[in-house]
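[1] got a predicted structure plus its sequence, pasted below:
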Amino acid sequence: MDCFFSSAWTVYISQHLDNQANRLQPLCPIDGRFGPHGQDEIPLRALQFKRGLLHEFRKGNATKEQIRLHNLVQQLPKAIIIGVRKGGTRALLEMLNLHPAVVKASQEIHFFDNDENYAKGIEWYRKKMPFSYPHQITIEKSPAYFITEEVPERIYKMNSSIKLLIIVREPTTRAISDYTQVLEGKERKNKTYYKFEKLAIDPNTCEVNTKYKAVRTSIYTKHLERWLKYFPIEQFHIVDGDRLITEPLPELQLVEKFLNLPPRISQYNLYFNATRGFYCLRFNIVFNKCLAGSKGRIHPEVDTSVITKLRKFFHPFNQKFYQITGRTFNWP
Ligand code: A3P
(Lines give C-alpha, C1' and ligand atoms only; values in the text may rest on other atoms or scores of the structure.)
Protein backbone atom coordinates (compact mmCIF):
# COMPACT_ATOMS: atom_id res chain seq x y z
CA MET A 1 0.00 0.00 0.00
CA ASP A 2 2.79 2.32 1.03
CA CYS A 3 4.80 1.35 -2.03
CA PHE A 4 1.87 1.82 -4.34
CA PHE A 5 1.19 5.16 -2.84
CA SER A 6 4.68 6.54 -3.26
CA SER A 7 4.82 5.54 -6.88
CA ALA A 8 1.33 6.87 -7.53
CA TRP A 9 2.48 10.17 -6.16
CA THR A 10 5.59 10.07 -8.31
CA VAL A 11 3.57 9.51 -11.45
CA TYR A 12 1.08 12.19 -10.51
CA ILE A 13 3.79 14.66 -9.62
CA SER A 14 5.88 13.89 -12.69
CA GLN A 15 2.88 14.54 -14.92
CA HIS A 16 2.19 17.89 -13.32
CA LEU A 17 5.68 18.91 -12.48
CA ASP A 18 6.56 20.97 -15.51
CA ASN A 19 3.58 23.26 -15.00
CA GLN A 20 3.81 23.32 -11.24
CA ALA A 21 7.56 23.88 -11.13
CA ASN A 22 7.06 27.05 -13.13
CA ARG A 23 4.43 28.23 -10.70
CA LEU A 24 6.31 27.25 -7.55
CA GLN A 25 7.72 30.37 -5.98
CA PRO A 26 11.38 29.67 -5.32
CA LEU A 27 12.25 30.33 -1.69
CA CYS A 28 15.17 32.59 -0.96
CA PRO A 29 18.44 31.04 0.11
CA ILE A 30 18.46 30.14 3.78
CA ASP A 31 20.57 32.95 5.13
CA GLY A 32 19.09 36.13 3.76
CA ARG A 33 15.60 34.77 3.26
CA PHE A 34 12.17 35.09 4.71
CA GLY A 35 11.46 38.77 4.98
CA PRO A 36 9.53 40.24 7.87
CA HIS A 37 6.24 40.89 6.06
CA GLY A 38 4.96 37.39 5.56
CA GLN A 39 5.27 37.57 1.77
CA ASP A 40 7.20 34.35 1.93
CA GLU A 41 4.31 31.89 2.13
CA ILE A 42 5.31 28.35 1.32
CA PRO A 43 2.44 26.82 -0.62
CA LEU A 44 0.82 23.77 0.91
CA ARG A 45 1.74 21.76 -2.14
CA ALA A 46 5.40 22.12 -1.14
CA LEU A 47 4.53 19.82 1.73
CA GLN A 48 2.90 17.41 -0.69
CA PHE A 49 6.06 17.48 -2.76
CA LYS A 50 8.01 16.63 0.35
CA ARG A 51 6.18 13.40 0.92
CA GLY A 52 5.74 12.60 -2.76
CA LEU A 53 8.52 13.34 -5.15
CA LEU A 54 11.01 14.42 -2.52
CA HIS A 55 10.34 11.24 -0.61
CA GLU A 56 11.56 9.36 -3.65
CA PHE A 57 14.54 11.68 -4.09
CA ARG A 58 15.57 11.07 -0.52
CA LYS A 59 15.60 7.37 -1.10
CA GLY A 60 17.94 8.03 -4.01
CA ASN A 61 15.22 7.45 -6.58
CA ALA A 62 15.75 10.66 -8.51
CA THR A 63 16.61 10.18 -12.15
CA LYS A 64 19.39 12.22 -13.71
CA GLU A 65 16.72 14.05 -15.67
CA GLN A 66 14.81 14.98 -12.50
CA ILE A 67 17.99 16.13 -10.81
CA ARG A 68 18.78 18.39 -13.77
CA LEU A 69 15.23 19.61 -14.25
CA HIS A 70 14.70 20.65 -10.64
CA ASN A 71 18.25 21.65 -9.77
CA LEU A 72 18.30 19.00 -7.07
CA VAL A 73 21.40 18.93 -4.93
CA GLN A 74 22.92 16.90 -2.15
CA GLN A 75 23.89 19.54 0.37
CA LEU A 76 26.07 19.36 3.44
CA PRO A 77 23.97 19.89 6.58
CA LYS A 78 23.41 23.45 7.76
CA ALA A 79 22.42 22.08 11.16
CA ILE A 80 23.24 18.87 13.01
CA ILE A 81 21.46 17.22 15.92
CA ILE A 82 24.61 16.16 17.77
CA GLY A 83 22.86 14.42 20.66
CA VAL A 84 22.05 13.42 23.23
CA ARG A 85 21.42 9.73 22.74
CA LYS A 86 17.93 8.84 24.05
CA GLY A 87 17.11 12.51 24.41
CA GLY A 88 14.52 12.32 21.63
CA THR A 89 16.89 12.86 18.70
CA ARG A 90 14.77 10.86 16.24
CA ALA A 91 11.54 12.60 17.23
CA LEU A 92 13.22 15.97 16.85
CA LEU A 93 14.62 15.16 13.42
CA GLU A 94 11.33 13.74 12.15
CA MET A 95 9.36 16.68 13.50
CA LEU A 96 11.70 19.25 11.96
CA ASN A 97 11.36 17.39 8.70
CA LEU A 98 7.70 18.50 8.70
CA HIS A 99 8.99 21.93 7.77
CA PRO A 100 8.90 22.47 4.01
CA ALA A 101 12.37 24.05 4.02
CA VAL A 102 13.98 21.15 5.91
CA VAL A 103 15.12 17.82 4.51
CA LYS A 104 16.41 15.17 6.87
CA ALA A 105 19.15 12.65 6.31
CA SER A 106 17.18 9.55 7.27
CA GLN A 107 20.07 7.44 8.49
CA GLU A 108 22.57 8.27 11.20
CA ILE A 109 25.63 8.83 9.07
CA HIS A 110 28.34 8.61 11.75
CA PHE A 111 30.79 10.51 9.60
CA PHE A 112 32.54 12.55 12.27
CA ASP A 113 32.68 9.94 15.04
CA ASN A 114 33.78 6.98 12.96
CA ASP A 115 37.43 7.15 11.84
CA GLU A 116 36.85 4.83 8.92
CA ASN A 117 33.99 6.95 7.59
CA TYR A 118 35.82 10.18 8.28
CA ALA A 119 38.80 8.95 6.26
CA LYS A 120 36.51 8.65 3.23
CA GLY A 121 36.35 12.44 3.04
CA ILE A 122 33.75 15.18 2.90
CA GLU A 123 32.51 14.25 -0.59
CA TRP A 124 31.58 10.82 0.72
CA TYR A 125 29.62 12.55 3.47
CA ARG A 126 27.88 14.90 1.04
CA LYS A 127 26.87 11.99 -1.17
CA LYS A 128 25.14 10.43 1.86
CA MET A 129 22.83 13.43 2.01
CA PRO A 130 19.33 13.34 0.54
CA PHE A 131 18.48 15.25 -2.61
CA SER A 132 16.90 18.60 -1.92
CA TYR A 133 15.99 21.83 -3.60
CA PRO A 134 18.72 24.44 -3.25
CA HIS A 135 16.59 26.63 -0.97
CA GLN A 136 16.12 23.83 1.55
CA ILE A 137 18.43 22.96 4.39
CA THR A 138 19.61 19.47 5.19
CA ILE A 139 19.73 18.26 8.77
CA GLU A 140 21.36 15.10 10.01
CA LYS A 141 21.47 13.51 13.44
CA SER A 142 24.10 11.25 14.95
CA PRO A 143 23.84 11.31 18.74
CA ALA A 144 27.29 9.76 19.16
CA TYR A 145 28.76 13.07 18.00
CA PHE A 146 28.01 14.72 21.34
CA ILE A 147 30.22 12.42 23.39
CA THR A 148 33.00 11.62 20.90
CA GLU A 149 36.19 13.52 21.55
CA GLU A 150 37.31 14.22 17.97
CA VAL A 151 33.96 15.37 16.63
CA PRO A 152 33.86 19.10 17.52
CA GLU A 153 37.13 19.81 15.73
CA ARG A 154 36.09 17.79 12.69
CA ILE A 155 32.75 19.55 12.37
CA TYR A 156 34.45 22.90 12.87
CA LYS A 157 36.78 22.12 9.97
CA MET A 158 33.79 21.40 7.74
CA ASN A 159 31.77 24.48 8.72
CA SER A 160 32.70 26.73 11.61
CA SER A 161 29.31 28.50 11.51
CA ILE A 162 27.12 25.38 11.51
CA LYS A 163 24.12 25.32 13.86
CA LEU A 164 24.18 22.64 16.52
CA LEU A 165 21.12 21.16 18.20
CA ILE A 166 21.30 19.28 21.49
CA ILE A 167 18.20 17.63 22.88
CA VAL A 168 18.39 16.71 26.55
CA ARG A 169 16.20 14.93 29.06
CA GLU A 170 16.34 14.76 32.81
CA PRO A 171 19.73 13.02 33.17
CA THR A 172 18.66 10.06 35.33
CA THR A 173 15.69 9.25 33.09
CA ARG A 174 17.96 9.52 30.07
CA ALA A 175 20.47 7.12 31.65
CA ILE A 176 17.70 4.59 32.36
CA SER A 177 16.42 4.96 28.81
CA ASP A 178 19.97 4.34 27.54
CA TYR A 179 20.21 1.23 29.73
CA THR A 180 16.81 0.02 28.50
CA GLN A 181 17.94 0.20 24.89
CA VAL A 182 21.10 -1.79 25.56
CA LEU A 183 19.15 -4.28 27.68
CA GLU A 184 16.71 -4.88 24.84
CA GLY A 185 19.60 -5.59 22.48
CA LYS A 186 21.10 -8.08 24.92
CA GLU A 187 17.76 -9.80 25.46
CA ARG A 188 17.28 -10.12 21.72
CA LYS A 189 20.61 -11.95 21.54
CA ASN A 190 19.66 -14.08 24.53
CA LYS A 191 22.50 -12.62 26.56
CA THR A 192 22.38 -12.01 30.27
CA TYR A 193 22.83 -8.49 31.55
CA TYR A 194 23.17 -6.72 34.85
CA LYS A 195 20.46 -4.75 36.57
CA PHE A 196 20.70 -0.99 36.14
CA GLU A 197 21.39 -0.55 39.86
CA LYS A 198 24.46 -2.77 39.64
CA LEU A 199 25.90 -0.83 36.71
CA ALA A 200 25.10 2.66 37.93
CA ILE A 201 26.46 2.21 41.46
CA ASP A 202 30.01 1.07 42.14
CA PRO A 203 29.64 -1.89 44.53
CA ASN A 204 32.99 -1.16 46.21
CA THR A 205 32.39 2.47 47.06
CA CYS A 206 28.59 2.57 46.88
CA GLU A 207 29.03 5.79 44.92
CA VAL A 208 27.77 6.57 41.43
CA ASN A 209 29.82 4.67 38.88
CA THR A 210 31.18 7.35 36.57
CA LYS A 211 32.80 4.69 34.41
CA TYR A 212 29.37 3.52 33.29
CA LYS A 213 28.71 5.06 29.89
CA ALA A 214 25.02 5.72 30.50
CA VAL A 215 25.99 7.81 33.53
CA ARG A 216 28.83 9.62 31.76
CA THR A 217 26.66 10.57 28.80
CA SER A 218 24.20 12.28 31.15
CA ILE A 219 26.89 14.64 32.49
CA TYR A 220 25.93 17.08 29.77
CA THR A 221 28.10 19.94 30.89
CA LYS A 222 31.33 17.90 30.62
CA HIS A 223 30.67 17.13 26.97
CA LEU A 224 29.41 20.59 26.13
CA GLU A 225 32.58 22.14 27.54
CA ARG A 226 34.63 20.26 24.96
CA TRP A 227 32.41 21.64 22.18
CA LEU A 228 32.77 25.16 23.49
CA LYS A 229 36.48 25.06 22.70
CA TYR A 230 35.45 25.25 19.05
CA PHE A 231 32.02 26.85 18.87
CA PRO A 232 30.50 29.82 20.72
CA ILE A 233 27.42 29.06 22.80
CA GLU A 234 25.26 31.08 20.34
CA GLN A 235 25.73 28.30 17.79
CA PHE A 236 23.98 25.79 20.04
CA HIS A 237 20.32 25.41 20.72
CA ILE A 238 19.18 23.26 23.61
CA VAL A 239 15.91 21.38 23.11
CA ASP A 240 13.92 20.19 26.10
CA GLY A 241 13.41 16.51 25.29
CA ASP A 242 10.94 16.00 28.14
CA ARG A 243 8.76 18.80 26.81
CA LEU A 244 9.09 17.54 23.24
CA ILE A 245 7.25 14.42 24.45
CA THR A 246 4.36 16.22 26.14
CA GLU A 247 4.12 19.48 24.22
CA PRO A 248 6.19 19.33 21.03
CA LEU A 249 4.98 22.41 19.17
CA PRO A 250 6.52 25.16 21.35
CA GLU A 251 9.85 23.32 21.33
CA LEU A 252 9.76 23.06 17.56
CA GLN A 253 8.88 26.73 17.23
CA LEU A 254 11.99 27.61 19.22
CA VAL A 255 14.06 25.52 16.82
CA GLU A 256 12.47 27.18 13.80
CA LYS A 257 13.49 30.51 15.24
CA PHE A 258 17.03 29.33 15.96
CA LEU A 259 17.39 28.06 12.40
CA ASN A 260 15.95 31.31 11.01
CA LEU A 261 13.12 29.40 9.41
CA PRO A 262 9.68 30.92 9.04
CA PRO A 263 7.17 29.27 11.40
CA ARG A 264 5.57 26.54 9.33
CA ILE A 265 5.11 23.61 11.70
CA SER A 266 1.68 23.87 13.27
CA GLN A 267 -0.57 21.93 15.59
CA TYR A 268 -2.10 20.41 12.47
CA ASN A 269 1.20 18.56 11.89
CA LEU A 270 1.19 16.94 15.33
CA TYR A 271 -1.53 14.80 16.84
CA PHE A 272 -1.55 12.79 20.02
CA ASN A 273 -1.93 9.07 19.46
CA ALA A 274 -3.37 7.56 22.63
CA THR A 275 -2.41 4.02 21.65
CA ARG A 276 1.24 4.97 21.20
CA GLY A 277 1.13 7.43 24.10
CA PHE A 278 3.10 9.92 22.00
CA TYR A 279 2.59 12.66 19.48
CA CYS A 280 2.68 11.47 15.89
CA LEU A 281 3.30 13.38 12.68
CA ARG A 282 0.83 14.54 10.06
CA PHE A 283 2.42 15.77 6.84
CA ASN A 284 -0.86 16.40 5.05
CA ILE A 285 -4.29 14.91 4.59
CA VAL A 286 -2.75 11.70 3.22
CA PHE A 287 0.53 11.09 5.02
CA ASN A 288 0.94 10.62 8.72
CA LYS A 289 3.19 8.47 10.84
CA CYS A 290 4.24 7.64 14.37
CA LEU A 291 7.80 6.84 15.38
CA ALA A 292 8.88 3.21 15.46
CA GLY A 293 8.02 1.10 18.50
CA SER A 294 11.65 1.22 19.64
CA LYS A 295 10.99 4.84 20.60
CA GLY A 296 9.08 4.98 23.83
CA ARG A 297 10.09 1.77 25.53
CA ILE A 298 8.82 0.87 28.97
CA HIS A 299 11.67 1.40 31.42
CA PRO A 300 12.44 -1.20 34.09
CA GLU A 301 11.67 -0.21 37.63
CA VAL A 302 14.74 1.17 39.38
CA ASP A 303 15.37 1.23 43.11
CA THR A 304 14.35 4.66 44.43
CA SER A 305 17.50 5.03 46.53
CA VAL A 306 19.57 4.62 43.36
CA ILE A 307 17.47 7.20 41.57
CA THR A 308 17.91 9.61 44.48
CA LYS A 309 21.66 9.01 44.49
CA LEU A 310 21.94 9.62 40.78
CA ARG A 311 19.86 12.79 40.93
CA LYS A 312 22.02 14.13 43.71
CA PHE A 313 25.12 13.25 41.70
CA PHE A 314 23.90 15.02 38.55
CA HIS A 315 22.63 18.10 40.40
CA PRO A 316 25.85 20.22 40.36
CA PHE A 317 26.55 19.30 36.73
CA ASN A 318 23.01 20.33 35.84
CA GLN A 319 23.44 23.68 37.55
CA LYS A 320 26.57 24.30 35.49
CA PHE A 321 24.74 23.25 32.34
CA TYR A 322 21.94 25.76 33.03
CA GLN A 323 24.50 28.45 33.67
CA ILE A 324 26.41 27.82 30.44
CA THR A 325 23.42 27.37 28.18
CA GLY A 326 21.06 29.91 29.72
CA ARG A 327 18.31 27.30 29.67
CA THR A 328 17.03 26.08 33.01
CA PHE A 329 15.10 22.87 33.56
CA ASN A 330 13.13 21.66 36.54
CA TRP A 331 15.37 18.66 37.00
CA PRO A 332 15.54 17.51 40.62
P1 A3P B 1 12.20 6.18 25.69
O2 A3P B 1 12.29 5.01 24.79
O3 A3P B 1 13.07 6.12 26.87
O4 A3P B 1 10.78 6.55 26.07
P5 A3P B 1 16.26 8.88 20.70
O6 A3P B 1 15.52 9.07 19.43
O7 A3P B 1 17.28 9.96 20.92
O8 A3P B 1 16.80 7.49 20.82
O9 A3P B 1 15.25 9.09 21.88
C10 A3P B 1 14.24 8.16 22.16
C11 A3P B 1 13.23 8.83 23.06
O12 A3P B 1 12.46 9.77 22.31
C13 A3P B 1 12.23 7.88 23.63
O14 A3P B 1 12.76 7.45 24.88
C15 A3P B 1 10.95 8.72 23.76
O16 A3P B 1 10.57 8.96 25.08
C17 A3P B 1 11.33 10.04 23.11
N18 A3P B 1 10.30 10.64 22.26
C19 A3P B 1 10.07 11.97 22.19
N20 A3P B 1 9.05 12.22 21.38
C21 A3P B 1 8.61 11.04 20.90
C22 A3P B 1 7.56 10.67 20.01
N23 A3P B 1 6.77 11.59 19.47
N24 A3P B 1 7.37 9.35 19.74
C25 A3P B 1 8.17 8.43 20.33
N26 A3P B 1 9.19 8.72 21.18
C27 A3P B 1 9.41 10.01 21.47
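    Perfect, thanks for sending it.
[2] quick check: the residue in the chain sticking out farthest from the centre vs the ligand, distance?
    In terms of distance from the mean C-alpha position of the chain, Asn204 ranks first, at 38.2 Å (C-alpha atoms, centre = their mean). Look at Asn204 and the ligand: by C-beta to the nearest ligand atom, to the nearest Å, they are 29 Å apart. In short, each C-beta sits where N, CA and C put it, glycine included.
[3] and what about that residue, helix, strand or coil?
    With DSSP: H, G, I helix; E, B strand; the rest coil as the basis, Asn204 sits in coil.
[4] what do you get for Glu108?
    Applying three-state DSSP: Glu108 is coil.
[5] where's the closest residue to it other than its chain neighbours relative to the ligand, distance?
    Spatially, and ignoring its direct neighbours in sequence, Glu108 is nearest to Ser142 (4.5 Å; C-beta to C-beta, 6 or more residues apart in numbering). Distance, Ser142 to the ligand, by C-beta to the nearest ligand atom: 11 Å.
[6] go on, Glu94?
    Noted for Glu94: a distance of 8 Å to the ligand, by C-beta to the nearest ligand atom.
[7] count of neighbours near that residue?
    By other C-beta atoms under 10 Å, 18 other residues sit near Glu94.
[8] hang on, it packs against Lys104?
    Yes - counting by C-beta atoms under 8 Å, Lys104 is a contact partner of Glu94 at 7.1 Å.
[9] tell me the residues of this structure that contact the ligand?
    Counting by C-beta under 6 Å from any ligand atom, the residues of the chain close to the ligand are 85-91, 143, 177, 244-245, 278-279, 291, 295-297.
[10] mind listing the helices for the stretch 1-150 of the chain?
    2-23, 44-51, 53-58, 64-69, 89-96, 115-118, 122-127, 144-147 (DSSP state H, counting those that start in this stretch).
[11] got any ranges where the stretch 51-200 of the chain has weak pLDDT?
    51-62 (pLDDT under 70).
[12] relative to Thr173, how far out is Gly241?
    To Thr173, Gly241 is 9 Å away according to C-beta to C-beta, to the nearest Å.
[13] and those two? which has more neighbours close in?
    Shown here are Gly241 and Thr173; by other C-beta under 10 Å, Gly241 has more neighbours (24 against 20).
[14] need the pLDDT of the more buried one.
    Model confidence at Gly241, expressed as pLDDT, equals 98.
[15] give the contact list for it.
    Residues near Gly241 by C-beta atoms under 8 Å, 6 or more residues apart in numbering: 84, 87-88, 92, 167-169, 174.
[16] if we use 7 Å, what do you get?
    Listed by C-beta atoms under 7 Å, 6 or more residues apart in numbering, the contact set of Gly241 reads 87-88, 167-169.
[17] now Asn71
    133-134.
[18] likewise for Asn159?
    Leu76.
[19] let me know the closest of the contacts of Gly241 to the ligand.
    Gly88 (3.8 Å; C-beta to the nearest ligand atom).
[20] verify the stated contact: the closest one with Ile167.
    Yes - if you go by C-beta atoms under 7 Å, Gly88 and Ile167 touch, sitting 5.0 Å apart.
[21] which neighbours do those two share?
    241, 244.
[22] among the two, which residue is more densely surrounded?
    Ile167 (30 against 27).
[23] for the contacts of Gly241, work out which two are farthest apart.
    Greatest spatial distance among these (C-beta to C-beta): Gly88 and Val168, at 8.8 Å.
[24] all helices of the stretch 201-332 of the chain, in order?
    213-217, 220-227, 241-246, 248-258, 304-325.
[25] could you point out which of these sits nearest Tyr268?
    The nearest among the helices of the stretch 201-332 of the chain, by C-beta to C-beta, is helix 248-258 at 10.0 Å.
[26] and the closest one, what's buried?
    248-249, 251-252, 254-256, 258 (16 or more other C-beta atoms under 10 Å).
[27] name the helices or strands packed onto it?
    Secondary-structure packing of helix 248-258 (3 or more C-beta pairs under 7 Å, 6 or more residues apart in numbering; DSSP states H and E): helix 89-96, strand 236-240.
[28] and Ile155, what does it touch?
    So Ile155 contacts 80, 112, 162 (C-beta under 7 Å, 6+ apart).
[29] so who does the residue nearest the centre of the chain touch?
    With distances taken as C-alpha atoms, centre = their mean, Leu93 lies nearest the centre of the chain, 3.3 Å away. By C-beta under 7 Å, 6+ apart, the residues touching Leu93 are 81, 104, 139, 141.
[30] skipping its backbone neighbours, what lies nearest Gln253 in space?
    Pro263 (6.0 Å).
[31] how deep is Thr304 tucked in, by neighbour count?
    With other C-beta under 10 Å as criterion, Thr304 counts 8.
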